[in-house]
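> Have a look at this prediction, sequence included:
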Amino acid sequence: MLVGVCAALTVLAGTYALLPLFRDPRGNLEVELLAETELDRLLNRKAIIYSNLKDLQFEYKMGRLSDEDFRRLEAGYKGEAAVLLQKLDHLGVEKNLDEDIERDVSARKVRLFASNPAQVKALAKCPGCGAEVPAGKKFCADCGQRL
């Protein structure tokens, strides 16, 4: 009897310890935030190509590359950059990502504070730049204009 109870407790403890390994990670915010998107990969590759072009120009100016090698390598990098920029355009990446981020943050604030209308009204707009400014502030944090 005692052996059966111990065996059952061992199986339950093992199941409890190993169950998170077999769960589907969907809905886990940390996993979603850490997941690299296609946009992230393309932007990282773009930064690498630009860095390589800069290094290539430096090596050429230092006299370490012949004219032929420089032109060949530069054409390859520029061709790869052109393809990459077309992919970024196809994904709909706008020129100014900061404005998109600010717009998304503002929309999330409105949704977050929608349950409390007093806090929504507390966010005023700056007359100079249009940024959201909490009530009671004397200056805009973005442009510095007096409110």
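Received, thanks. Numbers count the residues shown, from 1 in each chain.

> from here on, contacts and neighbour counts on C-alpha atoms
Fine.

> Please tell me the pLDDT value assigned to the residue nearest the centre of the chain.
The centroid of the chain falls nearest to residue 40 when counting by CA atoms, centre = their mean (6.8 Å). In this model, residue 40 is scored at 80, pLDDT.

> can you check residue 65 too?
89.

> Same check on the one 3 residues further on?
You'll see residue 68 listed with a pLDDT of 94.

> element containing it, please.
helix 67-90 (DSSP states H and E).

> which of the residues in that helix are buried?
For helix 67-90, burial by neighbour count (16 or more other CA atoms under 10 Å) applies to 70, 74, 77, 81, 84-85, 88.

> Using CSV, write out the CA atom coordinates for that helix.
Output of helix 67-90 as CSV, limited to C-alpha atoms (Å, rounded to 0.1, in the frame of the first residue of the first chain):
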residue,chain,number,x,y,z
ASP,A,67,39.9,49.2,-58.6
GLU,A,68,38.5,46.0,-60.2
ASP,A,69,37.9,44.3,-56.8
PHE,A,70,36.4,47.4,-55.3
ARG,A,71,33.9,47.8,-58.2
ARG,A,72,33.0,44.1,-58.2
LEU,A,73,32.4,43.9,-54.4
GLU,A,74,30.6,47.3,-54.3
ALA,A,75,28.2,46.2,-57.1
GLY,A,76,27.5,43.0,-55.3
TYR,A,77,26.7,44.8,-52.0
LYS,A,78,24.6,47.4,-53.7
GLY,A,79,22.7,44.8,-55.7
GLU,A,80,22.0,42.9,-52.5
ALA,A,81,20.9,46.2,-50.8
ALA,A,82,18.6,47.0,-53.6
VAL,A,83,16.8,43.6,-53.3
LEU,A,84,16.6,44.0,-49.6
LEU,A,85,15.1,47.5,-49.9
GLN,A,86,12.5,46.2,-52.3
LYS,A,87,11.5,43.6,-49.8
LEU,A,88,11.3,46.2,-47.1
ASP,A,89,9.1,48.3,-49.4
HIS,A,90,7.0,45.3,-50.1
